[in-house]
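Student: Provided below for reference: sequence and predicted model.
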Amino acid sequence: MSASTETLDNKKIWGGNTSPFGISYGKMMMWFFLVSDAFTFTGFLVAYGYMRHRFEEVWPVAENVFTHFPFMHGDHPLLYVALMTFILIMSSVTMVLAVEAGQRMKRDGVILWMALTIVGGLIFVGSQAWEWGHFIHGTELGALQLADGTIVQWVDEAKNAFMIPGVADAVTGSEAAAMIAQGTEIYGANLTVNEYGVPLFADFFFFITGFHGFHVFSGVVINFIIFVNVLKGTYEKRGHYEMVEKVGLYWHFVDLVWVFVFTFFYLV
Amino acid sequence: MDFDRTAEYAHKHSEEEGKKVRKMIWIIFWVLLAVTTAEVTLGLVWQDMGISWGLVKWTFIILTLVKAYYIVMSYMHLGGERKNFKMVVAIPFILFAIYLIFILLKESTFLHAIDFSPLAD
């Protein structure tokens, strides 16, 4: 924008009384915050990668865990999370359109697009709550935790034979019966048990998507505050809508993080 | 009341420019949607198509970086900022990424030798 229209004198711009980066203090600080927040999320995802690599044989495949879709029966891997991703991309578009309307000083446009962004954010948080609910409640069949802590999956509803992860043949008959008697049946997942596999998977799932979900939630709150200011005409009076741009940066960052969470948690 | 003189730096444009900006926003939207659709489709069919997992994995990672590039450069307007500011944002993160890759290559070799059993229980 500005860089292409004005000629810069490198000696002068660092001489004081101007912003050497050609942007305001607030926007620069938002960027610095986002960079540090990106470090945090990278740290989480790297830790996730290491642990997943370490427990590869017993790590659940996300595709087999998140297979539900509202009002539909059967297995639909990836579909629900694809929908969530679409909702977040869509709300990113409405946000950037709000910023664009603000740059033309069109209050009505900012109101419309920000309202849609907030709605999109709320739908996303709701979807995440729904997915957490399913993950916490687990399947009807559940799984079996053996006396040594290994999580094994039932072969069928009769619950007299099970599969050990990494082993091709099912354990059946009296051998299975003895182990079933000593084991405990588990349903769903929390921080200490996880019917789909290692509890660490559930820990990372709750922690990473929870941290991201909290970002979305706080993004919705911040967007709402700015939205109220837009309605009150605060930025009309101020003469510019840079505040919308700043919350927009935060909102796009949340979308950006989801792009990575989506890849490393659900796809890879 | 504008202590940091934001008004001087706040970006504004005309209706004419706005049209171009909006057109670009929607183009990027279709790119992001197409890439996401491609990722989900690949995630569903790669086993039936007999593509190797390694190739699929790297495709996912590259497509993710493509999406990240468009979000940061276009939606977050980093592409429109001055070069010195672009560097201020990008260099710390690139250094961090290089560090992580170094750790991954040098320090992950003994990962399987560590006893994580208290965690796995």
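Tutor: Perfect, I can see it now.

Student: ok, now which ones touch the residue lying closest to residue A:138 once chain neighbours are set aside?
Tutor: Leaving aside its sequence neighbours, residue A:138 sits nearest to residue A:188 (C-beta to C-beta, 6 or more residues apart in numbering or on different chains; 2.9 Å). Quick note: C-beta positions are derived from backbone N, CA and C, even for glycine. By C-beta atoms under 8 Å, 6 or more residues apart in numbering or on different chains, the residues touching residue A:188 are A:135, A:136, A:137, A:138, A:139, A:142, A:195.

Student: What's the ChimeraX line that selects buried ones from the residues you listed?
Tutor: Here is the ChimeraX command that selects only those of those that count as buried (16 or more other C-beta atoms under 10 Å in any protein chain shown):
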select /A:135,138,139,195
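
Student: secondary structure element for the spatially most central residue of chain B?
Tutor: In chain B, the C-alpha nearest the mean C-alpha coordinate belongs to residue B:68, at 2.2 Å (C-alpha atoms, centre = their mean). Assigned by DSSP states H and E, residue B:68 falls within helix B:53-70.

Student: gap between stretch A:117-131 and the chain center?
Tutor: 11 Å (C-alpha atoms, centre = their mean, to the nearest Å).

Student: Just the CA trace of it, in PDB.
Tutor: Extracted in PDB, the C-alpha atoms of stretch A:117-131 (Å, rounded to 0.1, in the frame of the first residue of the first chain):
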ATOM      1  CA  THR A 117     -18.100 -12.900  11.400                       C
ATOM      2  CA  ILE A 118     -19.400 -13.200  15.000                       C
ATOM      3  CA  VAL A 119     -22.100 -15.600  13.900                       C
ATOM      4  CA  GLY A 120     -19.500 -17.700  12.100                       C
ATOM      5  CA  GLY A 121     -17.300 -17.700  15.200                       C
ATOM      6  CA  LEU A 122     -20.100 -18.800  17.400                       C
ATOM      7  CA  ILE A 123     -21.000 -21.700  15.000                       C
ATOM      8  CA  PHE A 124     -17.400 -22.800  15.100                       C
ATOM      9  CA  VAL A 125     -17.200 -22.800  18.900                       C
ATOM     10  CA  GLY A 126     -20.500 -24.700  19.000                       C
ATOM     11  CA  SER A 127     -19.300 -27.300  16.500                       C
ATOM     12  CA  GLN A 128     -16.200 -27.800  18.600                       C
ATOM     13  CA  ALA A 129     -18.300 -28.300  21.700                       C
ATOM     14  CA  TRP A 130     -20.300 -30.900  19.800                       C
ATOM     15  CA  GLU A 131     -17.200 -32.700  18.800                       C
END
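
Student: buried stuff in it?
Tutor: Under 16+ other C-beta under 10 Å, the buried positions of stretch A:117-131 are A:117, A:118, A:120, A:121, A:122, A:123, A:124, A:125, A:127, A:128, A:131.

Student: Settle this for me: the last one is touching residue A:67, isn't it.
Tutor: Pointing back at residue A:131 there. No: the criterion here is C-beta atoms under 8 Å, and residue A:131 misses it with residue A:67 at 10.9 Å.
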